[in-house]
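1. how does the following fold in three dimensions:
(chains A and B)
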Amino acid sequence: MSGNDHSSWSEDLAAYMLGALEPGEAADFERHLAGCEHCREELRWFAPAVQTLPESIERQEPPPRLREALMAEVRADAQPESRPVKQQSRRWFLKPAMGFAVLALLVAGAVGYEMGKDGAGDSRGSTIERQIGGIGVKMVREGDGGTLHLSNLHQLPRGKVLEAWVLREGKVEAVPALFVPDHNGNAETAIADMSGVAEVMVTKEPQGGSEEPTSKPIVAMAVPQ
Amino acid sequence: MALRREKAERLADEELMPLVGRKDPEAFAVLYDRHGGAAYSLAYRIVGERTSAEEATQEAFISVWRSGARFDSTRGSVRSWLLSIVRNRAIDFLRSKAGKAPKLTFDDDSALEQRPAAERTEEEALRRETAGELRDVLGKLPGEQSKVIELAYFGGFSHSEIAGMLGLPMGTVKGRMRLGLEKIRVELAEGLA
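-> Below is the predicted model:
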């Protein structure tokens, strides 16, 4: 592509970000964008400027009836499948046939525990620290719950997230909050209920999370009771 | 129920989205409470009247509820994703009601800034302060640049429509959009970032 060709794409970039290209032009630009790192970089650089626009306007208070109407619709829609996440995760686990991935997780969890015991960290009071497979793992107990801190993580491939799991009474349960490493390779997730948890594990899962583990854990650590 | 709400409030937006995708009303309620004000304000800024702003905001949030799992955290924050949905809905409203709703032009938006402000929380006051700083950044733009940016972003006009309205070549309109965004970006990097 010549420099002149590219300058026309550069000219289109701001209009594209402001939603001001005609649909056909926007489609052409997106095709170009898919193969042009320079434009993608510019797009990332410009993004905060566009994000400024909705934040700069005079704030209006939404009427309370808007929230009420929304929540009424949401609760009605959620009714057939609404259930606390803990119940949901237990429901899938209580299926008679345990998935191979879950079995693999349990086995890997035991291995991870041994690795953890050989690590540099130790357990002090309500905090457990380990080095597992080059990943720093710290489990901080806070009341009934706790926070799992991970460090020295690699960045995840596009479309992947981290999902934590707990082993409680011999059953694997999903921790509802998905998480990703920050730029420094650190990540953390809260575990609301640590009662009876024997092990904590983390797997890489597709965006949106999984109802049961689909990969081997990157971390599996035993939690003393 | 109160405990679940408390737990949901401790989660980041990116952590709430998978729960919304799993149809958790409390996660959705927290998301609305965090961003509903900004969403409604944006819709109101675009459509210029309360009923349509409510409808656009409601449609946008319901679409989030139904498609929460489609959020891709690698492409930006939940807030910017959500506001882009609200903007699209509000622009659709504007277009579908063309002739009835007041179309934003480059010199009539002052009316939108004069609406009475309701009682604010402390957090809202802080946001207003930030919004004021951002308005200062936008205020530093040459009028010819802020005009085309506002017409495009808040008015939903294409660059060719703006060129027709202002009697300018399309290349000039796109050039002014780019120059304006560059200036905002530089100001952000120097002052607010």
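2. domain map for chain A?
-> A:3-55, A:85-222 (automatic domain parsing).
3. mean pLDDT lowest where, among those?
-> Of all the domains of chain A, the minimum mean pLDDT falls on domain A:85-222 (a mean of 69).
4. for A:T189, phi and psi?
-> Here is the backbone geometry of A:T189 (degrees, to the nearest 10): phi -150, psi 150.
5. ok, how many other residues are close to it?
-> 22 (other C-beta atoms under 10 Å in any protein chain shown). Backbone N, C-alpha and C define where each C-beta goes, glycine included.
6. counting neighbours, what do you get for residue 44?
-> Using chain A. A:R44 - counted by other C-beta under 10 Å - has 10 other residues nearby.
7. wait, chain B was what I had in mind.
-> Considering only other C-beta under 10 Å, B:Y44 is surrounded by 24 other residues.
8. and A:P63, how far from chain B?
-> 7 Å (C-beta to the nearest C-beta, to the nearest Å).
9. got the domains of chain A as JSON lines, with distance to B:S160 columns?
-> Formatted as JSON lines, the domains of chain A follow (distance: least, C-beta to C-beta, whole Å):
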{"stretch": "domain A:3-55", "distance to B:S160": "7"}
{"stretch": "domain A:85-222", "distance to B:S160": "34"}
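10. list the helices and strands the lengthiest helix in chain B packs on?
-> Scanning chain B for the helix with the most residues, using DSSP state H, yields helix B:25-47. Here helix B:25-47 touches helix A:37-55, helix A:64-78, helix B:2-9, helix B:13-21, helix B:50-67, helix B:78-96, helix B:122-139, going by 3 or more C-beta pairs under 8 Å, 6 or more residues apart in numbering or on different chains; DSSP states H and E.
11. of those, which approaches A:P176 most closely?
-> Nearest to A:P176 among the helices and strands packed on helix B:25-47 is helix B:13-21 (5.8 Å), distances taken as C-beta to C-beta.
12. could you dump the closest one to PDB, C-alpha only?
-> Extracted as PDB, the C-alpha positions of helix B:13-21 are listed here (Å, rounded to 0.1, in the frame of the first residue of the first chain):
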ATOM      1  CA  ASP B  13     -17.400  -4.000  36.100                       C
ATOM      2  CA  GLU B  14     -15.500  -6.600  34.200                       C
ATOM      3  CA  GLU B  15     -16.200  -9.100  36.900                       C
ATOM      4  CA  LEU B  16     -19.900  -8.200  36.900                       C
ATOM      5  CA  MET B  17     -20.400  -8.900  33.200                       C
ATOM      6  CA  PRO B  18     -20.100 -12.700  33.400                       C
ATOM      7  CA  LEU B  19     -22.700 -12.600  36.200                       C
ATOM      8  CA  VAL B  20     -25.000 -10.500  34.000                       C
ATOM      9  CA  GLY B  21     -24.400 -13.000  31.200                       C
END
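13. compare the helices and strands packed on helix B:25-47 and give me the one nearest B:G155.
-> Short answer: helix B:78-96, nearest of these by C-beta to C-beta, at 7.7 Å.
14. test my guess that B:P25 contacts A:A78.
-> Yes - between B:P25 and A:A78 there is a contact under C-beta atoms under 8 Å: 5.1 Å.
15. which one of the two has more residues nearby?
-> B:P25 (22 against 17).
16. enumerate every residue touching that one.
-> A:M71, A:V74, A:R75, A:A78, A:S82 (C-beta atoms under 8 Å, 6 or more residues apart in numbering or on different chains).
17. only the buried residues of stretch B:27-40, if you could.
-> B:27-32, B:34-40 (16 or more other C-beta atoms under 10 Å in any protein chain shown).
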